[in-house]
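Trainee: Build me a structure from this.
(chains A, B, C and D)
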There are 2 protein chains.
Amino acid sequence: MNKIRRKPTHPGCILREDYLKPLSITVTDMASKLNVSRKTLSKILNEKGAVTPDMALRLSRAFGTTPDLWLNLQKNVDLWEAENLSRDWRRVRPLPETMLLVNKDEKRI
Amino acid sequence: MNKIRRKPTHPGCILREDYLKPLSITVTDMASKLNVSRKTLSKILNEKGAVTPDMALRLSRAFGTTPDLWLNLQKNVDLWEAENLSRDWRRVRPLPETMLLVNKDEKRI
DNA sequence: GACTCTTGTAACCGTTAAGGTTACATACGT
DNA sequence: ACGTATGTAACCTTAACGGTTACAAGAGTC
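Mentor: So this is what the prediction gives:
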């Protein structure tokens, strides 16, 4: 049960450091190429906005990656935040073994 | 470049068929155990609602799975829908090879 | 110094979605 | 006939996305 301890890397960090910096392209130009507003891209780069499925598709088109590369990064951030934002989910009790065993038995029928 | 052709399986389908049916637990009771409203769970089971990170944490607690199991299923659905909902993202042009090559050169410096 | 470009961001908009409560009609089993 | 389980509609609050516009700050150029 490995729990994530520190906050996962935001996709905006990867995009900024590994993709945009080496290209020395301006935020304005990149937003134009992605066909989104400068604000939308800027928010992601400053880690104040999320990479949505639509944005992941645009990034994958521009850089020749999979959309999942970006969505997985975002998913890890979202999960980390959900874990830390509220603790109510920790009150959910695991279903008793007995129920899970019944489950397995029925699968064999 | 394998593209998903048919709509990915909704997490509500997995939850319904593989987890709840074998347990023969009512939706009402399961919602209670998850500490969410009956409506929230019902929407997911009928594939009319999304599994949020918070919900994924609750499901992972109840069934002893990873939260990622549920979030990955949801991510695939979200991506498929984004691909098919709008086509504007297809207008994003891949960055020219020349820029990507400059990228690689700079990495070597 | 004056000018331009770039950038982050605030203020505003419309749209969408999550999650809750309440209420209702239907269906099922006793 | 009765209670239970269910889907769902109606309504509310909160919040996030994405867009436009506008402003202030910084960096570079002439």
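
Trainee: How about stretch A:52-64 and DNA strand D, any contact?
Mentor: Yes - counting by Cβ under 7 Å from any atom of the strand, DNA strand D has neighbours in stretch A:52-64: A:T52, A:D54, A:M55. No exception for glycine: its C-beta is placed from N, CA and C like everyone else's.

Trainee: Among those, which one is most surrounded by other residues?
Mentor: The residue in the residues of stretch A:52-64 next to DNA strand D with the most neighbours, by other Cβ atoms under 10 Å in any protein chain shown, is A:M55 (24 neighbours).

Trainee: for that residue, phi and psi?
Mentor: phi -70, psi -40 (degrees, to the nearest 10).

Trainee: try A:L41
Mentor: When read as degrees, to the nearest 10, the backbone of A:L41 gives phi -70, psi -40.

Trainee: so A:V27 sits right up against A:S37, yeah?
Mentor: No - using Cβ atoms under 8 Å, A:V27 makes no contact with A:S37, being 10.8 Å away.

Trainee: These two: who's more crowded?
Mentor: A:V27 (15 against 11).

Trainee: so can I have CSV of the residues of stretch A:52-64 next to DNA strand D showing pLDDT and distance to A:S86?
Mentor: Listed next are the residues of stretch A:52-64 next to DNA strand D as CSV, based on pLDDT from 0 to 100; distance: Cβ to Cβ, whole Å:
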residue, pLDDT, distance to A:S86
A:T52, 97, 22
A:D54, 97, 27
A:M55, 97, 26
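
Trainee: Would you convert those residues into JSON lines that also reports distance to B:E17?
Mentor: Converted to JSON lines, the residues of stretch A:52-64 next to DNA strand D look like this (distance: Cβ to Cβ, whole Å):
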{"residue": "A:T52", "distance to B:E17": "29"}
{"residue": "A:D54", "distance to B:E17": "30"}
{"residue": "A:M55", "distance to B:E17": "32"}
